[in-house]
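**Student:** What follows is a protein structure lacking sequence information:
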């Protein structure tokens, strides 16, 4: 069932307040409009990738369900449970980011209606989303670490299995008078099948981490712009300083008397 436009489950860029602010910034060629749009696109991309992460978790559970019972299987099942908790926390964190963005857009639009175009030069003042975005990044680090640990477990189990098989094979070769095999084979089909979803999840989460950092970078640009005074104000202050300097020079200039004839 498709999410209703403007509802809690609607994509970020479909929110009416977001569309209204972007429209105002474009119509008035507001400074920072590119950074604003890029930041919102990064956050919207995080929403989509989170849904894909849930699908990868389903693939993990499916692969593990087909594996035979073993300590490795139980370890990986625990890893999947930890990932599921991280993904659930990510959904909550992203929900907080989205709510803060929508609220910021509403406040920026209200400021525009009260103050005019000048309010659009300081849109970052209305977006208090940095802590929420940083929390998303920390949660992604945790989830990536869970994937790394699971892949290390799979690799170690595969290596141990093949080394055990190698010892048995060399014992049989020795009995038959053949030279021993020096190196174990690489991971088997089962190890590859188990590692596949974890690798896909790690890649996806790493991409999400990049998006979160990109959103923070764009937010930083907007925050820097918000700290600078509007160009018109800067020009007026500069002209006032020039006028004051000229007035001071005129007051201190010596009076030149004409030579009497």
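**Tutor:** Yes, it's here. Treat the numbers as computed from the prediction; the structure is a model and nothing was measured. Residues are numbered from 1 along each chain as shown.
**Student:** how about low-confidence regions in this protein?
**Tutor:** Counting by pLDDT under 70, the chain contains low-confidence residues at 1-9, 158-191, 226-261.
**Student:** just so I have it, where are all the helices in it?
**Tutor:** For the chain, the helices defined by DSSP state H cover 16-27, 33-66, 71-115, 130-175, 189-227, 231-252.
**Student:** Which one of these lies nearest to residue 123?
**Tutor:** Closest approach to residue 123 among these (Cβ to Cβ): helix 71-115, 5.0 Å. Where C-beta positions appear, they are placed from N, C-alpha and C, glycine not excepted.
**Student:** would you turn the helices of the chain into CSV with distance to residue 121?
**Tutor:** Shown next, in CSV, are the helices of the chain (distance: least, Cβ to Cβ, whole Å):
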stretch, distance to residue 121
helix 16-27, 10
helix 33-66, 11
helix 71-115, 10
helix 130-175, 19
helix 189-227, 7
helix 231-252, 8
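**Student:** so can I have CSV of the ones you listed showing mean neighbour count and distance to residue 123?
**Tutor:** Below are the helices of the chain laid out as CSV (neighbours: other Cβ atoms under 10 Å; distance: least, Cβ to Cβ, whole Å):
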stretch, mean neighbour count, distance to residue 123
helix 16-27, 17, 7
helix 33-66, 17, 6
helix 71-115, 17, 5
helix 130-175, 16, 14
helix 189-227, 18, 6
helix 231-252, 10, 16
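**Student:** so which of those comes closest to residue 122?
**Tutor:** helix 189-227 (4.4 Å).
**Student:** Name the nearest residue to residue 147, sequence neighbours excluded.
**Tutor:** Distances taken as Cβ to Cβ, 6 or more residues apart in numbering put residue 202 closest to residue 147, at 3.9 Å, once the chain neighbours are dropped.
**Student:** Against residue 91, how distant is that neighbour?
**Tutor:** Going from residue 202 to residue 91 by Cβ to Cβ, to the nearest Å gives 18 Å.
**Student:** Was I right to think residue 21 contacts residue 105?
**Tutor:** Yes: using Cβ atoms under 8 Å, residue 21 is in contact with residue 105, at 4.3 Å.
**Student:** Next, the contact list for the nearest residue to residue 149 once chain neighbours are set aside, please.
**Tutor:** Distances taken as Cβ to Cβ, 6+ apart place residue 79 nearest to residue 149, at 6.3 Å, with adjacent residues excluded. For residue 79, the contacting residues are 146, 147, 149, 150, 153, 198, by Cβ atoms under 8 Å, 6 or more residues apart in numbering.
**Student:** Looking at those, which is nearest residue 36?
**Tutor:** Using Cβ to Cβ, those come closest to residue 36 at residue 147, 32.5 Å.
**Student:** Might you report the residue contacts of that closest one?
**Tutor:** So residue 147 contacts 79, 83, 198, 199, 201, 202, 205 (Cβ under 8 Å, 6+ apart).
**Student:** can these go into CSV with extra columns for distance to residue 70?
**Tutor:** Shown next, in CSV, are the contacts of residue 147 (distance: Cβ to Cβ, whole Å):
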residue, distance to residue 70
79, 14
83, 20
198, 17
199, 20
201, 21
202, 22
205, 26
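**Student:** What's the local residue count around residue 120?
**Tutor:** The tally of other residues near residue 120 (other Cβ atoms under 10 Å) stands at 24.
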